[in-house]
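Visitor: Sequence below, structure please.
(chains A and B)
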2 protein chains.
Amino acid sequence: MYLATVRSRDARSTTVAVGDDRGWVILDDLADVHALLADADWRERAAHALTAERIAAEELDFLNPTPTPAKILCCGLNYRDHIVETGREIPAYPTLFAKFADTLTDPDATITVSGSGRVDWEAELAVVIGEPVAHADDAAAAAAILGYTVANDISMRDWQQRTLQWLQGKAFDRTTPIGPYIVTADVLDPRDGLRVECEVNGEIMQSGNTAELVFDAARLVSYISQFTRLNPGDVILTGTPGGVGMGMPEPRYLRNGDLLTTRIEGIGELRNTVMVTHQ
Amino acid sequence: MYLATVRSRDARSTTVAVGDDRGWVILDDLADVHALLADADWRERAAHALTAERIAAEELDFLNPTPTPAKILCCGLNYRDHIVETGREIPAYPTLFAKFADTLTDPDATITVSGSGRVDWEAELAVVIGEPVAHADDAAAAAAILGYTVANDISMRDWQQRTLQWLQGKAFDRTTPIGPYIVTADVLDPRDGLRVECEVNGEIMQSGNTAELVFDAARLVSYISQFTRLNPGDVILTGTPGGVGMGMPEPRYLRNGDLLTTRIEGIGELRNTVMVTHQ
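Guide: Model prediction:
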């Protein structure tokens, strides 16, 4: 099943859409996926909705599916092939940092960054939590995963590298596009290998595979749940494969008007124009 | 003026109390300080309340004043004397990391940590935001500060040092006590110098002064506001002076049953018993 937050028909608010390979149905009494998950019977409700007549994805305006997560945690250094390629050792623990709900934006948003001259891309698989989870082993953590979506952890490298802690380069408001919708965990398993790609103006910059994740989705959820309880709608970004601009022999950063395309096989695609106004 | 979130008389919910040097008045239609700040006329309302009969602080059970901030940012390496003492250079930029709302707990809470053997103290001045603030200069940032309270950024050093990013050692649920109440910014200015102290079982471990802050409250709010908008009830922890357990010639960490007292001159005191169950 697919779960989305979409613009309402009157464009004045948002609503939920549920879908599958045959199309989408709108649940117009719910504002977003968080509201859907707050209903204990949401799976039955969504399944029932999908017995109705469908509309095509083209008729929907997909937004950030989870606009108000209380927690967003992000993992760095998590693609085995990229770690080996750069001569590092496989880490024993996930490197974790946070973002804020305000950091997220829509899957087709124009992303405006002011005050940075080194704006870089990081295509990432995002995990969305479906059930409260604390002190969970991997099996319990896997059961708490609602599904997967696509994100780009756009990073302001100048700010990120000003100090030892990356947060300030990772938490510019409305710079992490996410979506276009959540594919529930019963539909696909990233451990089976999903291609993760990032293009700038149509040129492929990153091409990785989720089978290379050192800490897979359940392992990350389990690890995080040892110190903080995760709740429905919380989001975990799982790290990015090789090919970021900073890592190139001649570092390359996003320029005004660049089109950034972020794609994960079996899930979907983000398309974001980037506006960079360096102060 | 002082602003607090306190346990309600029936102990089944929470309410707001406003006070000054002469005592406190309860506003029992408001659940917490966030709800108070949501009223545009809260200052008039609070001032009017203070014309009523007062109750003594001893009659109140003070809780975490800001239980649901959307953003908590923390600054590391911020006391000039301590930086110089350890041979480091004065930083050009604040080192920032995040906590979650769930990381906070009450000013008298018993703090239970499971899974860490290196639980350390960090007495800190906390800044609470009163007005939305974005891209602000220092003067506008200062005007957006509601006031100040006390926090202890209790840190699990083993987890903090597992990777380059500190978050996982700083974000254990219910391990950062904060309170007992907010002193509004018209009452005191930390730049004038407020003593910051931390005791373990009555022995003074930290004794610093807020006049030594490299990045003062307004500077931190201004800096952060360049990349993310801050909103009423958001919290900024300003860093800790020398004297943490990790920095001692023989590192010392909190043990089961230790009483941690955290005090800032002119604001108040936290008293927390720490229970450490190392797995």
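
Visitor: Checking A:W159 next. Helix, strand or coil?
Guide: Assigned with DSSP: H, G, I helix; E, B strand; the rest coil, A:W159 falls in the helix class.

Visitor: Please name the residues that touch it.
Guide: Residues in contact with A:W159 (C-beta atoms under 8 Å, 6 or more residues apart in numbering or on different chains) are A:115-116, A:168-169, A:172, B:227. Any C-beta I mention is one placed from the backbone N, CA and C, and that applies to glycine too.

Visitor: repeat that with 7 Å
Guide: Contacts for A:W159 (C-beta atoms under 7 Å, 6 or more residues apart in numbering or on different chains) come out as A:116, A:168-169, B:227.

Visitor: Would you map the helices across the stretch 101-250 of chain A?
Guide: A:138-143, A:157-160, A:167-170, A:217-225 (DSSP state H, counting those that start in this stretch).

Visitor: most tightly surrounded among the ones you listed?
Guide: Ranked by average neighbour count under the criterion mean count of other C-beta atoms under 10 Å in any protein chain shown, the helices of the stretch 101-250 of chain A are headed by helix A:167-170 at a mean of 26.

Visitor: what helices or strands is it leaning on?
Guide: With contacts taken as 3 or more C-beta pairs under 7 Å, 6 or more residues apart in numbering or on different chains; DSSP states H and E, helix A:167-170 sits against strand A:95-99, strand A:155-156, helix A:157-160, strand B:95-99.

Visitor: Give the rounded mean pLDDT of that helix.
Guide: Taken as a whole, helix A:167-170 carries a mean pLDDT of 98.

Visitor: Over to stretch A:221-231?
Guide: Stretch A:221-231 shows a mean pLDDT of 98 in the predicted model.

Visitor: and the contacts of A:W159, which two are the farthest apart?
Guide: Greatest spatial distance in the contacts of A:W159: A:S116 and A:Q168, 10.2 Å, computed using C-beta to C-beta.

Visitor: export the helices and strands packed on helix A:167-170 to JSON lines and tack on mean pLDDT and distance to A:T184?
Guide: Shown next, in JSON lines, are those (pLDDT from 0 to 100; distance: least, C-beta to C-beta, whole Å):
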{"stretch": "strand A:95-99", "mean pLDDT": "98", "distance to A:T184": "23"}
{"stretch": "strand A:155-156", "mean pLDDT": "98", "distance to A:T184": "29"}
{"stretch": "helix A:157-160", "mean pLDDT": "97", "distance to A:T184": "33"}
{"stretch": "strand B:95-99", "mean pLDDT": "98", "distance to A:T184": "29"}
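
Visitor: now for the ones you listed, which one comes closest to B:V16?
Guide: Per C-beta to C-beta, nearest to B:V16 of the helices and strands packed on helix A:167-170: strand B:95-99, 23.0 Å.

Visitor: packing partners for the closest one?
Guide: Judged by 3+ C-beta pairs under 7 Å, 6+ apart, the packing partners of strand B:95-99 are helix A:167-170, strand B:72-76, helix B:167-170.

Visitor: Let's have those in JSON lines, adding distance to A:N64.
Guide: Formatted as JSON lines, the helices and strands packed on strand B:95-99 follow (distance: least, C-beta to C-beta, whole Å):
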{"stretch": "helix A:167-170", "distance to A:N64": "17"}
{"stretch": "strand B:72-76", "distance to A:N64": "22"}
{"stretch": "helix B:167-170", "distance to A:N64": "22"}
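
Visitor: So which of these is nearest A:A185?
Guide: It's helix B:167-170; of the helices and strands packed on strand B:95-99, that one is closest to A:A185 (C-beta to C-beta) at 24.2 Å.

Visitor: A:G257 and A:V274, how far apart?
Guide: Using C-beta to C-beta, to the nearest Å, A:G257 is found at 7 Å from A:V274.

Visitor: Just want to know which of those two has more residues nearby.
Guide: Each of A:G257 and A:V274 has its neighbours counted (other C-beta atoms under 10 Å in any protein chain shown); A:V274 has more, 24 against 11.

Visitor: Mind checking what secondary structure the more buried one has?
Guide: Going by three-state DSSP: A:V274 is strand.

Visitor: Which residues of the stretch 101-250 of chain A lie near chain B?
Guide: A:101-102, A:115, A:159, A:162-168, A:171-173, A:226-229 (C-beta under 7 Å from any C-beta of the partner chain).

Visitor: Dump the helices of the stretch 101-250 of chain A to JSON lines, plus distance to B:V187.
Guide: Shown next, in JSON lines, are the helices of the stretch 101-250 of chain A (distance: least, C-beta to C-beta, whole Å):
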{"stretch": "helix A:138-143", "distance to B:V187": "47"}
{"stretch": "helix A:157-160", "distance to B:V187": "34"}
{"stretch": "helix A:167-170", "distance to B:V187": "30"}
{"stretch": "helix A:217-225", "distance to B:V187": "39"}
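
Visitor: contacting residues around the residue nearest to A:D120 when sequence neighbours are not counted?
Guide: With C-beta to C-beta, 6 or more residues apart in numbering or on different chains as the criterion, A:D120 has its nearest non-adjacent residue at 4.5 Å, and that residue is A:G245. By C-beta under 7 Å, 6+ apart, the contact list for A:G245 reads A:120-121, A:251-253.

Visitor: Among these, which lie within strands?
Guide: Those of the contacts of A:G245 mapping onto strands are A:D120, per DSSP state E.

Visitor: now, among the contacts of A:G245, which is nearest to chain B?
Guide: The shortest gap between chain B and any of the contacts of A:G245 belongs to A:D120, at 15.1 Å (C-beta to the nearest C-beta).

Visitor: Bridge partners for that closest one, pull those for me.
Guide: Note on A:D120: beta-bridge partners by DSSP bridges are A:S155.
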